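Participant: The following comprises the amino acid sequence and a computationally predicted model.
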Amino acid sequence: MVAKNTRLIALISAVPVLLMVPLIAMLFTKEVNWTVADFIVMGMLLLGTGLGVELILRKVKKTSYRIAICAAILFAFLLVWAELAVGIFGTAFAGS
C-alpha cells in the first residue's frame, strides 16, 4: 500500500512542477503568454489525466487492459492539449 500512495503523492506533486515550466518561461520570453485560466485548465487536465491513469493502475488487473486504457487516456490528453494549444480541429472549444 505504501507504493501506491507514494505514486499518488508523486503524481500530485508533479502537476505544480510541470506548471512551473511555462511560468518560468514567461519570465524570459514574451512568446509564452499564459493567463491564470490557462494554468487552471492545464492543471486540471494534468491532474485528471494522472488520476485517471492511477485509477486504472489500481483497479484493472490484466496488464494488456491496463496498457490499452492508459494509452487511450494519454491519447485523449494529447488531443485536448493540441486542440487547446493550436486549435487543430477548429472547434469553439479552442477559441477558434
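Facilitator: Structure received.
Participant: make it CA atoms for all contacts and neighbour counts henceforth
Facilitator: Will do.
Participant: Give me the below-cutoff pLDDT ranges for this protein.
Facilitator: 1-4, 94-96 (pLDDT under 70).
Participant: The residue sitting nearest the centre point of the chain sits in which helix or strand?
Facilitator: Geometric centre of the chain, nearest residue: residue 46, 2.2 Å, by C-alpha atoms, centre = their mean. In this assignment (DSSP states H and E), residue 46 forms part of helix 36-59.
Participant: how about that helix: buried residues?
Facilitator: In terms of neighbour count (16 or more other C-alpha atoms under 10 Å), helix 36-59 has its buried residues at 39, 42-43, 45-47, 49-50, 52-54, 56-57.
Participant: With just CA atoms, put it into PDB.
Facilitator: Only the C-alpha atoms of helix 36-59 are listed here, as PDB (Å, rounded to 0.1, in the frame of the first residue of the first chain):
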ATOM      1  CA  VAL A  36      -4.400  32.300 -14.700                       C
ATOM      2  CA  ALA A  37      -7.200  30.500 -16.600                       C
ATOM      3  CA  ASP A  38      -4.600  28.700 -18.700                       C
ATOM      4  CA  PHE A  39      -2.800  27.500 -15.600                       C
ATOM      5  CA  ILE A  40      -6.000  26.300 -14.100                       C
ATOM      6  CA  VAL A  41      -7.200  24.400 -17.200                       C
ATOM      7  CA  MET A  42      -3.800  22.800 -17.700                       C
ATOM      8  CA  GLY A  43      -3.600  21.900 -14.000                       C
ATOM      9  CA  MET A  44      -7.000  20.200 -14.200                       C
ATOM     10  CA  LEU A  45      -6.000  18.500 -17.400                       C
ATOM     11  CA  LEU A  46      -2.800  17.100 -16.000                       C
ATOM     12  CA  LEU A  47      -4.300  16.100 -12.700                       C
ATOM     13  CA  GLY A  48      -7.300  14.500 -14.400                       C
ATOM     14  CA  THR A  49      -5.100  12.500 -16.700                       C
ATOM     15  CA  GLY A  50      -2.800  11.400 -13.900                       C
ATOM     16  CA  LEU A  51      -5.600  10.500 -11.600                       C
ATOM     17  CA  GLY A  52      -7.300   8.500 -14.400                       C
ATOM     18  CA  VAL A  53      -4.100   6.600 -15.100                       C
ATOM     19  CA  GLU A  54      -3.700   6.000 -11.300                       C
ATOM     20  CA  LEU A  55      -7.300   4.700 -11.100                       C
ATOM     21  CA  ILE A  56      -6.700   2.300 -13.900                       C
ATOM     22  CA  LEU A  57      -3.400   1.100 -12.400                       C
ATOM     23  CA  ARG A  58      -5.200   0.400  -9.100                       C
ATOM     24  CA  LYS A  59      -8.400  -1.200 -10.400                       C
END
